[in-house]
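Visitor: Provided below are the primary sequence and the corresponding predicted coordinates.
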Amino acid sequence: MALVITILVLLLVVALSGAIVRILPVRLPLPLLQIGLGALLARPFGMDVEFDHELFFLLFIPPLLFADGWRIPKRELFLLRGPILALAVGLVFFTILGVGYFVHWMIPTVPLAVAFALAAVLSPTDAVAVTSITGETPIPSRLMHILSGEALFNDASGLVALQFAVAAEITGRFSLGNASMDFLVMALGGVFAGALVSYTFGIFRRRLVRWSGEVDPASQVALLLLLPFAAYLLAEHFGVSGILAAVAAGMTMNYTDVLKGGYVATRMQNGAVWSMVEFTFNGLIFLLLGLQLPGIVDGAKGDLAQAGGGELWYLVAYVLAITVVLVVLRFIWVWVSLRFVLMRALHRGEKRPKVGTRMVWTSALAGVRGAITMAGVLSLPLMKSEGVPFPVRHLMILLASGVILCTLVIGAIGLPLAVKGLKIPGEDPRVREERKARGLSAEAALRGIADEQQRVDESGDVNAIALASRVASRVMADYQQRLEAAGDEGDVPEKARAEAGTERVMRLAALRAERRELYNLRRSHDINDDTLRTLLREIDLAEASLTGLHSG
């Protein structure tokens, strides 16, 4: 019963955090607020949560990575594969070497392999935390795609490197050749396992839809929620990367999904459920970090002894020093990578992109650490061997937790300022793409209406022809307005967009008036709950369509 109450309290605090962050007089990143609320639950309310790191990984990591892989734009991921892989793989190992040797030099009591393990858990970044920090501040879409792709893949490279570092500390042996081959096998095996699970799920769901003749939205969403766990467990069973399996399963969902035609209710429920899962799970992770903080602070003296003694402020200095090194290493890697890009463009005679120092600093400050770092450091084994504890484990947890907090604070202060100063030339390409897609889909709709009208005309029924003509002209006028509004320049598109905006406002006002009237009818017992739900669903779908269309 105590466990159930604890879970319910944590869920309540996560739900309230989304409202609290909006009413605070000072804008505070949601992860920082949730960490603070977690610390408040631990002290003074005395809540204590102990959890198994393997259970933590299984419950939290697969669904979050699956959702990221599902939603990330695949075209941009392919086009930007060079910089993404440079950050997700190259920067990870550059960070492990730099931070590992730095920590071992700064704190000699930390064995080199353990220092590499700490550097490995600090290498993954958290794109969700970056989005929370930047908030409404516009961030260049190209940079955001790179950061999202990096965060998607550096989790695997960082955690696989962590496994090698821990194994090196426990066994006292390390082979770069064997480690490289193992990394390749684990990565490719994880990708294959995730793609296989997603492909098999697509076949199963296709046959299920064919057998049943219809789709029950609730059962479809429930099946989809199980998919990342299936991919993760299958990969882990065969000793390959479960993290990359979850990512690969999400990325291949768009190609195996059978619900691409109708099934509006299923798609809407999918979106709503996964948004809720992402918000809740991310919030729980940061709450759990906050719950650990009082215990970490209480054990500071023991951690200081593990670090070789000294004053307590040494620990703060260690955290700040590691954070600065992480930012500087990231800045150096991005700057050098850009120099190579410019040199290659110059060699090929191509136009060199203009990238200022502010963009480089923005990329450096965007290296915020979060959920994966916390999960990784908590996964360090308690014992090195029977009767021998793992070296300086509590000190590693303190340093990693401190770096998470520091990167969040530094990002919260510096990132919005850096992003605000960035010049974003021209129009966002997503706006142009959306207008083009609206125009082409409106043209297809007009052709579809014309074909249907021709089919009615061929029937020879005079009344049906007259009815179809009146209705077709009314529906075609709506699509014609959308087609004009999708134009790129000139007075006609501007006028059509203005008319569409005004019409949208009027329709929303009408729908909301309908909704109020339905509630009044239910209150006066003129309609029952079933009728209310049916009509409200129609209004909600219409309103969702209008609000969804208002992006270009």
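Guide: Arrived safely.
Visitor: Please name the residues that touch Ser337.
Guide: Neighbour list for Ser337: 83, 86, 90 [criterion: C-beta atoms under 8 Å, 6 or more residues apart in numbering]. Glycine gets a C-beta too; all of them are placed from N, C-alpha and C.
Visitor: Recalculate using a threshold of 7 Å.
Guide: 83, 86 (C-beta atoms under 7 Å, 6 or more residues apart in numbering).
Visitor: From Ser363, how far out is it?
Guide: The spacing between Ser337 and Ser363, counted by C-beta to C-beta, to the nearest Å, is 10 Å.
Visitor: Could you do Ala193 as well?
Guide: Distance of Ala193 to Ser363, computed by C-beta to C-beta: 32 Å.
Visitor: Which one's more surrounded, these two?
Guide: Set Ala193 next to Ser363 and count neighbours by other C-beta atoms under 10 Å: Ala193 wins out with 27 against 24.
Visitor: how close does the more buried one get to Arg206?
Guide: Counting by C-beta to C-beta, the gap from Ala193 to Arg206 is 21 Å.
Visitor: the bottom helix or strand of this structure by mean pLDDT?
Guide: Ranked by mean pLDDT, DSSP states H and E, the weakest helix or strand in the chain is helix 127-134, scoring a mean of 67.
Visitor: Now the host helix or strand of Ala477: average pLDDT?
Guide: Remark: Ala477 resides in helix 462-485, with elements defined by DSSP states H and E. The average pLDDT within helix 462-485 is 77.
Visitor: likewise stretch 399-406?
Guide: 91.
Visitor: So what touches that stretch?
Guide: Residues contacting stretch 399-406 (C-beta under 7 Å, 6+ apart): 35, 118, 121-122, 289, 292-293, 296, 318-320, 322-323, 369-370, 373-374, 377.
Visitor: Can you say which of these are buried?
Guide: Neighbour counting with 16 or more other C-beta atoms under 10 Å marks 35, 118, 121-122, 289, 292-293, 296, 318-319, 322-323, 369-370, 373-374, 377 as buried within the contacts of stretch 399-406.
Visitor: Among the residues you listed, which ones are in strands?
Guide: Counting by DSSP state E, no part of the buried ones among the contacts of stretch 399-406 is found in strands.
Visitor: got the phi/psi numbers for Pro44?
Guide: Dihedral pair for Pro44: phi -100, psi 0, per degrees, to the nearest 10.
Visitor: number of nearby residues for it?
Guide: 7.
Visitor: Give the full set of residues in contact with it.
Guide: Counting by C-beta under 7 Å, 6+ apart, Pro44 has no contacts.
Visitor: can you give me the offset of stretch 529-546 from its chain's centre?
Guide: Centroid separation for stretch 529-546 versus its chain: 30 Å, with C-alpha atoms, centre = their mean, to the nearest Å.
Visitor: what is the mean pLDDT for it?
Guide: Here the average pLDDT along stretch 529-546 is 80.
Visitor: Need the contact partners of that stretch.
Guide: With contact meaning C-beta under 7 Å, 6+ apart, stretch 529-546 is reached by 504, 507-508, 511, 514-515, 518, 522.
Visitor: Which among the residues you listed count as buried?
Guide: 511, 514-515, 518, 522.
Visitor: in the helix or strand containing Ile243, what's buried?
Guide: For Ile243, the enclosing helix or strand under DSSP H and E is helix 242-256. By 16+ other C-beta under 10 Å, the buried positions in helix 242-256 come out as 242-253, 256.
Visitor: re earlier: now, the contacts of stretch 399-406 that are in helices?
Guide: Taking DSSP state H, the ones among the contacts of stretch 399-406 that sit in helices are 35, 118, 121-122, 289, 292-293, 296, 318-320, 322-323, 373-374, 377.
Visitor: between these, which is closest to Glu50?
Guide: Of all the ones in helices among the contacts of stretch 399-406, Gln292 has the smallest distance to Glu50: 9.6 Å, by C-beta to C-beta.
Visitor: What distance do you get for the nearest residue to that closest one once chain neighbours are set aside to Leu395?
Guide: Nearest residue to Gln292, sequence neighbours excluded (C-beta to C-beta, 6 or more residues apart in numbering): Ser401, at 6.6 Å. Counting by C-beta to C-beta, the separation of Ser401 from Leu395 is 11 Å.
Visitor: what's the burial count for Met343?
Guide: 11.
Visitor: helix or strand for the residue nearest to the spatial centre of the chain, which one?
Guide: By C-alpha atoms, centre = their mean, the chain has its centre lying nearest to Asp68, at 4.4 Å. Assigned by DSSP H and E, Asp68 falls within helix 53-71.
Visitor: That helix: which residues count as buried?
Guide: 56-58, 60-71.
Visitor: got the angle between that helix and helix 242-256?
Guide: Going by axes from the mean of the first three to the mean of the last three C-alpha atoms, to 10 degrees, helix 53-71 is angled at 30 degrees with respect to helix 242-256.
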